[in-house]
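Enquirer: Provided below for reference: sequence and predicted model.
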Amino acid sequence: MDGKMGEYSQVMHEEALVSRILSQARAIYGPKYPHGSTFDVIYSSESMHDGDGVVSWLIVYPQPDAAVWKTGKAVSNDWIPVLKSERIVKQQNPYAFLPMATLLVERSYRNLIEKLRVRMVETMATMEKTEEAEKLTKDDTSTDK
């Protein structure tokens, strides 16, 4: 396997991680933002006293409401941070085959996925409680009126 194939498959792997993050984000946070809002994943590198690190962010570019859109003033580059990964710090690994920056980004993406999984469980539990309450109300056959 040549170096180019390895780089290509790593890019595909990162894109798959980003797709997983975005699909979970839309499921969890989508209802909080107007239809047409765009979610994205970005990362930043940081150098601090304890070494180099990477932080990934889930962000959203909110779509303005229809009234604002019609005014023509709807184009904005404003974005809102939704979720932040932990800071993934560079560790010395003599057995690492991938460049360290690639490993840091991948680990920060995986950290976002784990945080989203926790939020997904919380969201689903809330939805189940709401659905159960609605079922109980619909199934109430009491004669007290």
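Expert: On my side now, so go ahead.

Enquirer: all strands for the protein, in order.
Expert: Ranges of strands in the chain, per DSSP state E, are 38-48, 51-61, 80-84, 88-89.

Enquirer: now for these, which one comes closest to residue 119?
Expert: Nearest to residue 119, of all the strands of the chain, is strand 80-84, at 7.8 Å by Cβ to Cβ. Quick note: C-beta positions are derived from backbone N, CA and C, even for glycine.

Enquirer: Show me the contact partners of the closest one.
Expert: With contact meaning Cβ atoms under 8 Å, 6 or more residues apart in numbering, strand 80-84 is reached by 25, 29, 39, 55-62, 112, 115-116, 119.

Enquirer: and that strand with strand 51-61, angle?
Expert: Orientation of strand 80-84 against strand 51-61 (axes from the mean of the first three to the mean of the last three Cα atoms, to 10 degrees) gives an angle of 130 degrees.

Enquirer: Please identify the pairing partners of strand 80-84 and their relative orientation?
Expert: Strand 80-84 has the following strand partners under DSSP bridges: strand 51-61 (antiparallel).

Enquirer: can you redo the strands of the chain as a markdown table with mean neighbour count, mean pLDDT and distance to residue 13?
Expert: Formatted as a markdown table, the strands of the chain follow (neighbours: other Cβ atoms under 10 Å; pLDDT from 0 to 100; distance: least, Cβ to Cβ, whole Å):
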| stretch | mean neighbour count | mean pLDDT | distance to residue 13 |
| --- | --- | --- | --- |
| strand 38-48 | 14 | 85 | 14 |
| strand 51-61 | 19 | 88 | 15 |
| strand 80-84 | 15 | 94 | 21 |
| strand 88-89 | 18 | 88 | 16 |
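
Enquirer: could those go into TSV alongside distance to residue 107?
Expert: As requested, these are arranged in TSV below (distance: least, Cβ to Cβ, whole Å):
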stretch	distance to residue 107
strand 38-48	11
strand 51-61	8
strand 80-84	14
strand 88-89	5
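
Enquirer: So for residue 125, which of those sits nearest?
Expert: Using Cβ to Cβ, the strands of the chain put strand 80-84 closest to residue 125, at 18.4 Å.
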